[in-house]
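Visitor: Turn this into a structure:
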Amino acid sequence: MKGISSVLLSVFASLQLWAQNVYYVSTTGNDANDGKTLSTAWRTIQKAANTAGAGSTIYIRGGTYNERISINKSGNATKGYITYMPYQGEHVIVDATGKTGNSDNVFYLYNRSYIRIIGLEIRNNTVPANKDGAGIFIEGKGSYLEIRKCTIHHMLGTNAMAITVYGTNKKTAIQNLVIDSNWVYNCEPAPSEAITLNGNVRLFQVTNNIVHDVNNIGIDFIGGEGICPNAANDNARNGLCANNIVYRARSNYGGGYAAGIYIDGGDSIIVERNRIFECDLGLEVGCENANNVSAYNIIRNNMIYNNDKRGLSVGGYNYPYTGKVEHCQFLNNTLYHNDVLNTGAGELFIEYANHCTVKQNIIVGKGVSYLMNFYVTGTTGNQFNYNCYYTTSGTPKFIHNNIYYSSFSAYQNGSGQDAQGMYAHPALVNPSAFDFHLLASSPCIDAGDPSFVPSAGEKDFYGNNRVIGSRVDIGASEFGGSYRLAASGFSLTLYPSIVQDVLRVTVHISEPQSVMVFVTDVNGRKFHQERRELFSGINEWSVSLASWPRGTYYFTVATAHHKTTHPFIIP
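Guide: Just a heads-up that it's a prediction; the model follows:
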């Protein structure tokens with residue numbers, strides 16, 4: 001596990017410059033043309049996929065292309081990528097309405113390498129019963145594949161996925177894979193997943209994506225299903241899943257147990273800084289396939305709230321008929337008011353898992369739900385410590401090794417776990433508005449393990465250093481960072497939180513003063529800055545975002561003494 005972050009950074013940050021061949025596709029073009037100028041553009045993307053070689057960029061003019069496309073050529077390390085992207089930011093739609101063939105996929109890549117698909121809208125693909133299909137389907141082996149800033153929606157039928165990656169080669173993986181800043185919604189992947197990496201897949205990043213309103217799991221990393229014929233390589237591994245937003249991923253079968261993000265048999269995957277809400281389950285690390293183990297995954301700094309049945313779910317569900325989970329770490333997550341349906345499942349639900357560490361998490365429940373529901377016996381080596389538990393209503397309930405405890409102290413004494421844990425109100429800024437920063441009065445500040453050392457480059461959920469004070473804080477937010485919410489008398493409201501064109505800003509301030517307003521992205525790059533003179537009371541204005549790229553942003557209003565920040569999303 002050591003060094004995964006640095007390996008990924010070196011893999012994905014390295015850029016090379018190659019001589020480029022440029023081709024054009026247009027709805028007014030002709031496939032008999034040479035494709036080399038705007039006036040001699042090809043008519044179909046498929047013509048480009050059959051013709052353009054390594055080092056080519058295919059610029060696609062705006063419009064709707066009624067196609068299913070098989071990408072039949074690869075780039076290479078010598079000449080570079082083959083890139084498919086809109087011409088000068090024009091709106092390109094690939095619509096599969098009424099199309100058949102191409103293995104039921106809109107884009108299909110088999111044994112391809114050095115391919116980029118950027119900024120396309122992909123829609124209206126119907127997958128027949130008992131088939132697998134996707135907006136973009138990558139299969140076989142390959143390397144240096146990038147899917148960026150695509151909008152994929154209305155994949156309909158059964159197993160109608162948005163982005164599918166199946167590593168089917170028994171020796172050579174699909175690797176150096178980037179799935180970044182895509183928007184996936186209104187898809188019907190059940191009984192499969194909206195974004196899925198399965199089989200021999202390694203060295204990947206799934207980052208900054210928004211996935212919502214899908215009828216099964218949002219993002220999944222799978223092992224042990226036999227997708228790769230070599231069992232030793234049959235799992236997604238050594239990857240990063242970060243800064244994604246997943247909501248309303250709910251299964252339409254089996255009683256509804258879809259996780260927003262799921263590691264099902266994957267290994268050595270870092271899952272961090274994701275926001276997951278209104279799914280059947282929030283985040284799950286499991287292993288459905290017998291004789292397999294999901295191991296050495298790190299789940300940290302995630303916000304998991306308002307999910308229907310469970311917040312964080314860990315373990316194989318029916319061992320030995322399923323696999324199990326081992327040597328995984330669950331650190332500094334915030335779980336809040338999950339089990340919305342009052343099933344009693346719990347905030348933290350644990351099944352067959354061994355040698356796992358659950359540390360420095362905020363776990364807040366309510367009603368009939370369990371704070372911890374660890375109902376199985378016969379597991380070994382699991383450690384719980386430095387966690388903050390609280391119940392906003394009802395009785396605090398714990399099950400550990402199938403023993404019921406009706407209070408934190410009873411659980412602590414009976415289980416021997418959480419010796420440095422606490423049962424205390426975590427003092428979050430405004431959880432009802434999904435602001436999970438810590439107030440200055442929070443007992444979670446500097447209350448984590450004093451021996452904890454963050455990994456290189458590790459940040460809290462809001463992008464601050466993971467340790468700011470004398471010790472790490474408990475939960476996903478580190479107090480004292482640049483995105484700390486201000487004290488009373490100064491409030492910021494943004495509407496909507498998922499923005500298409502115009503962001504409406506409301507600031508309520510107790511006295512007139514001059515403020516700085518600025519907007520940054522998740523990497524700290526500044527997109528907007530201005531000074532405003534505000535009067536006492538309610539101040540309202542709008543910000544046009546029509547030309548801004550998709551992604552997650554932080555809107556900050558700063559006075560001489562306070563700074564207030566709220567996130568928003570451009571999908």
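Visitor: Residue 34: neighbouring residues, count only.
Guide: When neighbours are counted by other Cβ atoms under 10 Å, residue 34 registers 11. Yep, even glycine has a C-beta here, placed from its N, CA and C like the rest.
Visitor: Got phi/psi on it?
Guide: Main-chain dihedrals, residue 34, degrees, to the nearest 10: phi -90, psi -10.
Visitor: try residue 335
Guide: The phi and psi values for residue 335, taken as degrees, to the nearest 10, are phi -110, psi 130.
Visitor: Using the record's assignment, carve the protein into domains.
Guide: What automatic domain parsing lists as the domains of the chain is 4-435, 490-570.
Visitor: These: which one's closest to residue 478?
Guide: domain 4-435 (8.6 Å; Cβ to Cβ).
Visitor: my read: residue 21 touches residue 51, true?
Guide: No. Applying Cβ atoms under 8 Å, one finds residue 21 not in contact with residue 51, separated by 10.2 Å.
Visitor: now the helices: where do they sit in the protein?
Guide: Counting by DSSP state H, the chain has helices at residues 4-13, 45-51, 408-415.
Visitor: end to end, how far does stretch 186-202 reach?
Guide: Chord length of stretch 186-202, first to last residue, is 28 Å (Cα to Cα, to the nearest Å).
Visitor: what about it, average pLDDT?
Guide: For stretch 186-202, mean pLDDT is 97.
Visitor: Relative to the whole chain's centre, how far out is it?
Guide: Here stretch 186-202 is found 13 Å from its chain centre; the criterion is Cα atoms, centre = their mean, to the nearest Å.
Visitor: low pLDDT regions in the stretch 401-550 of the chain?
Guide: Along the stretch 401-550 of the chain, the model assigns pLDDT under 70 to residues 481-490, 495, 497, 510-511, 522, 537.
Visitor: change it to 50
Guide: Applying pLDDT under 50 to the stretch 401-550 of the chain flags the ranges 482-488.
Visitor: and what of the stretch 201-350 of the chain?
Guide: In the stretch 201-350 of the chain, no residues with pLDDT under 50.
Visitor: Can you name the residues that contact the residue nearest to residue 336 when sequence neighbours are not counted?
Guide: Spatial nearest neighbour of residue 336, excluding adjacent residues (Cβ to Cβ, 6 or more residues apart in numbering): residue 305 at 4.1 Å. Contacts for residue 305 were tallied using Cβ atoms under 8 Å, 6 or more residues apart in numbering; they are 276, 277, 282, 311, 334, 335, 336, 337, 338, 431, 434, 436.
Visitor: And these, which is closest to residue 83?
Guide: Nearest member of these to residue 83, counting by Cβ to Cβ, is residue 276, at 31.7 Å.
Visitor: need the contact list for the closest one.
Guide: By Cβ under 8 Å, 6+ apart, the contact set of residue 276 is 218, 245-247, 260-261, 282-283, 302-305, 307.
Visitor: so what's it bridging to?
Guide: Counting by DSSP bridges, residue 276 forms beta bridges with residue 246, residue 304.
Visitor: residue contacts, the nearest residue to residue 31 once chain neighbours are set aside?
Guide: Of all residues not flanking residue 31 in the chain, residue 47 sits nearest, at 4.3 Å (Cβ to Cβ, 6+ apart). With contact set as Cβ under 8 Å, 6+ apart, residue 47 has these partners: 25, 31, 35.
Visitor: Selection in PyMOL covering whichever of those residues are buried, please.
Guide: Buried members of those can be picked out in PyMOL with the line below, counting by 16 or more other Cβ atoms under 10 Å:
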select buried, resi 25+35
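Visitor: Same list (the contacts of residue 47) but as JSON lines, adding distance to residue 153.
Guide: JSON lines is the format used below for these (distance: Cβ to Cβ, whole Å):
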{"residue": "25", "distance to residue 153": "22"}
{"residue": "31", "distance to residue 153": "28"}
{"residue": "35", "distance to residue 153": "29"}
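Visitor: Out of the contacts of residue 47, the closest to residue 139 would be?
Guide: residue 25 (24.0 Å).
Visitor: okay but the closest one is in contact with residue 48, surely?
Guide: Yes. Residue 25 lies in contact with residue 48 (Cβ under 8 Å); the separation is 5.5 Å.
Visitor: list residues touching both of these two?
Guide: Overlap of the contact sets of residue 25 and residue 48 (by Cβ under 8 Å, 6+ apart) consists of 35, 42, 58.
Visitor: any idea how far the residue lying closest to residue 315 once chain neighbours are set aside lies from residue 318?
Guide: Residue nearest to residue 315 in three dimensions, not counting chain neighbours: residue 351, with 3.3 Å by Cβ to Cβ, 6+ apart. Per Cβ to Cβ, to the nearest Å, residue 351 is found 8 Å from residue 318.
Visitor: Show me which of these two is the more surrounded one.
Guide: Neighbours of residue 351 and residue 318, each counted by other Cβ under 10 Å, are more numerous for residue 351; the result is 21 against 12.
Visitor: Which residues are in contact with that one?
Guide: Contacts of residue 351 (Cβ under 8 Å, 6+ apart): 286, 313, 314, 315, 316, 317, 319, 375, 376.
Visitor: looking at it, the last one is touching residue 399, isn't it?
Guide: To tie it back to what came earlier, the one meant is residue 376. No. Judged on Cβ under 8 Å, residue 376 makes no contact with residue 399 at a distance of 9.6 Å.
Visitor: Strands along the stretch 351-500 of the chain, start to end?
Guide: 353-354, 357-359, 362-365, 372-374, 383-385, 388-391, 398-400, 403-405, 422-423, 428-430, 435-438, 490-495 (DSSP state E, counting those that start in this stretch).
Visitor: Dihedrals phi and psi, the spatially closest residue to residue 393 that is not a sequence neighbour?
Guide: Counting by Cβ to Cβ, 6+ apart, residue 366 is the residue found nearest to residue 393 once chain neighbours are left out, at 4.6 Å. In terms of degrees, to the nearest 10, the main-chain angles of residue 366 are phi -160, psi 160.
Visitor: Tell me which residues are up against stretch 519-529.
Guide: Residues contacting stretch 519-529 (Cβ under 8 Å, 6+ apart): 208, 243, 463, 516-518, 543, 548, 551-556.
Visitor: Can I get it in CSV, CA atoms only?
Guide: C-alpha atoms of stretch 519-529 as CSV (Å, rounded to 0.1, in the frame of the first residue of the first chain):
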residue,chain,number,x,y,z
VAL,A,519,-14.0,31.4,-5.9
THR,A,520,-11.4,28.5,-6.1
ASP,A,521,-11.6,25.0,-7.5
VAL,A,522,-10.6,21.8,-5.6
ASN,A,523,-6.9,22.5,-6.6
GLY,A,524,-6.9,26.0,-5.1
ARG,A,525,-6.9,27.8,-8.5
LYS,A,526,-8.7,31.1,-8.3
PHE,A,527,-11.5,31.6,-10.8
HIS,A,528,-13.1,34.8,-9.5
GLN,A,529,-12.2,37.6,-7.2
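Visitor: and it, how far out from the chain's middle?
Guide: For stretch 519-529, the distance from its own C-alpha centre to the chain's C-alpha centre is 20 Å (Cα atoms, centre = their mean).
Visitor: Would you format the strands of the stretch 351-500 of the chain as CSV with distance to residue 110 included?
Guide: CSV is the format used below for the strands of the stretch 351-500 of the chain (distance: least, Cβ to Cβ, whole Å):
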stretch, distance to residue 110
strand 353-354, 37
strand 357-359, 40
strand 362-365, 45
strand 372-374, 43
strand 383-385, 44
strand 388-391, 49
strand 398-400, 48
strand 403-405, 52
strand 422-423, 54
strand 428-430, 48
strand 435-438, 43
strand 490-495, 44
